[in-house]
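Could you work out the structure for the sequence below:
(one chain, ligands or ions: 2)
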Amino acid sequence: MTGPGVSGARMQGAAPAGGGLGRPISMEGVSRRYGEVVAVDRLDLQIASGELVTLLGPSGSGKTTTLMMVAGFTLPSAGHIRIGDRDVTHVPTHRRDIGVVFQQYALFPHMSVAENVAFPLRMRGIGRAERDDRVARALDLVEMSRFAARYPTELSGGQQQRVAFARAIVFDPPVLLLDEPLGALDKKLREALQIEIKALHARLGLTMVYVTHDQAEALAISDRVVVMNEGRLEQAGPPAELYEAPTSRFVADFIGEANFIRGEVASTEGARVRLGARGGARLEALAAPGLATPPAVGETAELMIRPERMRVAGIALGDGAVPPNTLIGHIEDRSYIGEATRLTVRIRDDLSVTLRYSNTRAAATGVAPGARIAVAWDAEDALVFPASSRATGA
Ligand SMILES: Nc1ncnc2c1ncn2[C@@H]1O[C@H](COP(=O)(O)OP(=O)(O)O)[C@@H](O)[C@H]1O
Ligand SMILES: [Mg+2]
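Residues are numbered from 1 along each chain as shown. Ligands and ions are numbered 1, 2, ... in the order given. The predicted structure follows:
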């Protein structure tokens, strides 16, 4: 069973070596209430067999609740969940055949690494010889064979998570659920394990649902990212699509960095929108994709432009007319951040923009704090959204 809109969603090169073990997951109209709180609100989500999908959203957006419902630890208040061709909405966890790596699902402290990994096999009544064989393979997969006899307290955080991963996959589940599994680890280790998880996913071919509030992590590991906001699905798509073509201000703001500049729609021409901003600036951009109502002349709207798509413009800062998509201001801050430099440019009291350039040898130099500069961008790199009440004035 494959749901609508999922064909082709799989990452290229992610074809399973293990022969297509994964099962599709389908959620239809799934809600979960806690009294007055709607933790998950009519979620429709189709996950393809073998896909690695990330649920991404701020704290409290319903990610864990969604995962708990797929796992069977929490029952939906409404809706249906299917795994493979079975409706599992009311099937208990132990009969769903899924592996879980949850933060609160720590390793058993009184069991060795090997005993921890063997546990799900013992629960399933698998005999000694096969158990030993599978435990060895699972530990080998996460490069923890040398630590089989150790106890959890004798392992680092990263090693513990590797063992938790081995324990979750040792019985070859077609579905693996992970809730912020790297949350407690430092950045370098997290990034290394992200690459390992991706590689393991590609090798095992199972369906993975991964929860994180870290947008960089979601972009790095996923075939597809599902952005959640207040229990609802805000947007779902491959990482590049969410970053390049957000369909809402929320997604544009949550994923990556973004500048928002308010203006009034002066004219439209197909997807192209011209805005007039305070101070006489003329802005031009493309209407954000998938808007319910495209920006109309006379309305207030917001232009979104990413810091790396802005540049220091080499124009004369005289009294002449300023070209479109150009703002003039003072450098308020210049931060050297290693691979890049970030400039904060104060345009007016109520508007500053951030721009970023790579520190290649040809990178802009001689832009010192206090200097008056022009910043510019291409219309094709900017998107227009309906104005929100949170917007900075322009
Ligand atoms: N067991 C519970 N009892 C009451 N409210 C809950 C419970 N679990 C979650 N919630 C509420 O549901 C919302 C979503 O929570 P959660 O799914 O944990 O979000 P996330 O994982 O995205 O941070 C929050 O408002 C949270 O307070
Ligand atoms: Mg959570």
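
So for V163, what's the nearest residue that isn't a sequence neighbour?
Excluding the flanking residues, the one nearest V163 by C-beta to C-beta, 6 or more residues apart in numbering is V113, at 5.3 Å. Backbone N, C-alpha and C define where each C-beta goes, glycine included.

Contacts only, for the one you found.
Contacts for V113 (C-beta atoms under 8 Å, 6 or more residues apart in numbering) come out as 107, 139, 144, 147-152, 155, 163.

With D253 instead?
F260.

what are the phi and psi angles of the residue nearest to V163?
Main-chain torsions, V113, degrees, to the nearest 10: phi -60, psi -50.

Could you measure from the nearest residue to P289 once chain neighbours are set aside over to ligand 1?
Nearest non-adjacent residue to P289, counting by C-beta to C-beta, 6+ apart: A245, 4.9 Å away. To ligand 1, A245 is 24 Å away according to C-beta to the nearest ligand atom, to the nearest Å.

how many other residues sit next to A245?
Neighbour count of A245, defined by other C-beta atoms under 10 Å: 16.

Verify the contact between it and A287 for me.
No - applying C-beta atoms under 8 Å, one finds A245 not in contact with A287, separated by 11.2 Å.

What residues does E332 make contact with?
Each residue near E332 by C-beta under 8 Å, 6+ apart is listed here: 344-346, 352, 369.

in its sheet, what does the helix or strand where it lies sit against?
E332 belongs to strand 326-336 when assigned by DSSP states H and E. Using DSSP bridges, strand 326-336 pairs in its sheet with strand 340-348 (antiparallel), strand 372-376 (antiparallel).

want to throw those into JSON lines with distance to ligand 1?
Below are the strands paired with strand 326-336 laid out as JSON lines (distance: least, C-beta to the nearest ligand atom, whole Å):
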{"stretch": "strand 340-348", "distance to ligand 1": "29"}
{"stretch": "strand 372-376", "distance to ligand 1": "36"}
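
if we can go back for a sec, just give me the closest of the contacts of E332 to A379.
Taking C-beta to C-beta as the measure, A379 lies nearest V345 of these, at 19.3 Å.

so what's the closest one closest to, chain neighbours aside?
Using C-beta to C-beta, 6+ apart, the closest residue to V345 is G329 (4.5 Å).

and the residue nearest to V163, what pLDDT?
At V113, the pLDDT value in this model is 97.

Distance-wise, check it relative to D186.
For V113, the distance to D186 (C-beta to C-beta, to the nearest Å) stands at 22 Å.

go on, G314?
G314 is 41 Å from D186, by C-beta to C-beta.

for P323, same thing?
In this view, P323 and D186 are 45 Å apart by C-beta to C-beta.

same deal with R356?
From R356 to D186 the distance is 24 Å (C-beta to C-beta).

do F165 as well
18 Å.

Between those two, which is the more surrounded one?
F165 (24 against 10).

Next, the contact list for Q103, please.
By C-beta under 8 Å, 6+ apart, the contact set of Q103 is 179-181, 183-184.

buried ones in stretch 69-89?
69-74, 76, 79, 81-84, 88-89 (16 or more other C-beta atoms under 10 Å).

looking only at pLDDT, what's the mean for it?
So the average pLDDT for stretch 69-89 ends up being 96.

What does the pLDDT read for L141?
At L141, pLDDT is 89.

doesn't R167 make contact with it?
No - with contacts counted by C-beta under 8 Å, L141 stays clear of R167, the gap being 11.6 Å.

follow-up on the earlier one: now render the strands paired with strand 326-336 as a markdown table, adding mean pLDDT, mean neighbour count and distance to G231.
Output for the strands paired with strand 326-336, formatted as a markdown table (pLDDT from 0 to 100; neighbours: other C-beta atoms under 10 Å; distance: least, C-beta to C-beta, whole Å):
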| stretch | mean pLDDT | mean neighbour count | distance to G231 |
| --- | --- | --- | --- |
| strand 340-348 | 94 | 19 | 34 |
| strand 372-376 | 93 | 18 | 38 |
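
can you redo those as a markdown table with distance to A48?
Below are the strands paired with strand 326-336 laid out as a markdown table (distance: least, C-beta to C-beta, whole Å):
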| stretch | distance to A48 |
| --- | --- |
| strand 340-348 | 35 |
| strand 372-376 | 42 |
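
So which bits of the chain are right by ligand 1?
Residues of the chain lying near ligand 1 by C-beta under 6 Å from any ligand atom: 34, 37, 39, 57, 59-65.

if we go to 5 Å?
Residues of the chain lying near ligand 1 by C-beta under 5 Å from any ligand atom: 34, 39, 59-65.

May I have the distance across stretch 360-378, first residue to last?
Stretch 360-378 has an end-to-end distance of 21 Å (C-alpha to C-alpha, to the nearest Å).
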